[in-house]
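[1] Next input, structure requested:
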Amino acid sequence: MIVGIGVDIVDLGRFTRAVTRTPALIERLFAESERALPPHSLAARFAAKEALIKALGGSDGMRWHDVEIVADAHGNPEFALHNAFAAAVTARGIGSIHLSMTHDAGVACAFVVAEAAGA
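    Model (predicted):
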């Protein structure tokens, strides 16, 4: 059973300008493992984190660094959740989270589906 969905879109030009003007944003928004990626990949990861927050129904007490986008054994993106994000997923009875990301035509987009444990 689906317990939450989330989608987010990021304008690549605007995102690139923001992180160029304020480089500290990269450190604030991304885990150390993500920071060396190019702007279009960071924008997609930002969209993924925002989409996850929407799928969970909020982000109270959660920190940006507690969510990493990593590759699974097949190279597909998935979330590595830590601390408050991991606790929120468990508390909501979520057993799996599906993530799709893309970037093209000046935008980055991410879609998240959260499924109940045992679904």
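[2] Quick one: neighbours of Ala116, just the number.
    14 (other CB atoms under 10 Å). Every residue, glycine included, has its C-beta placed from N, CA and C.
[3] Now do the residue lying closest to it once chain neighbours are set aside against Met101, distance only.
    Computed as CB to CB, 6 or more residues apart in numbering, the closest residue to Ala116 that is not its neighbour in sequence is Met1, at 4.6 Å. For Met1, the distance to Met101 equals 24 Å [CB to CB, to the nearest Å].
[4] more neighbours, these two?
    Met101 (20 against 9).
[5] contacting residues for that one?
    Ala44, Arg45, Ala47, Ala48, Ile69, Pro77, Ala108, Cys109, Ala110, Phe111 (CB atoms under 8 Å, 6 or more residues apart in numbering).
[6] Figure out how far the helix or strand where it lies is from the centre of its chain.
    According to DSSP states H and E, Met101 maps onto strand 94-104. In terms of CA atoms, centre = their mean, to the nearest Å, the centre of strand 94-104 is set 8 Å apart from its chain centre.
[7] One more: stretch 66-76?
    Taking mean C-alpha positions (CA atoms, centre = their mean), stretch 66-76 and its chain are 10 Å apart.
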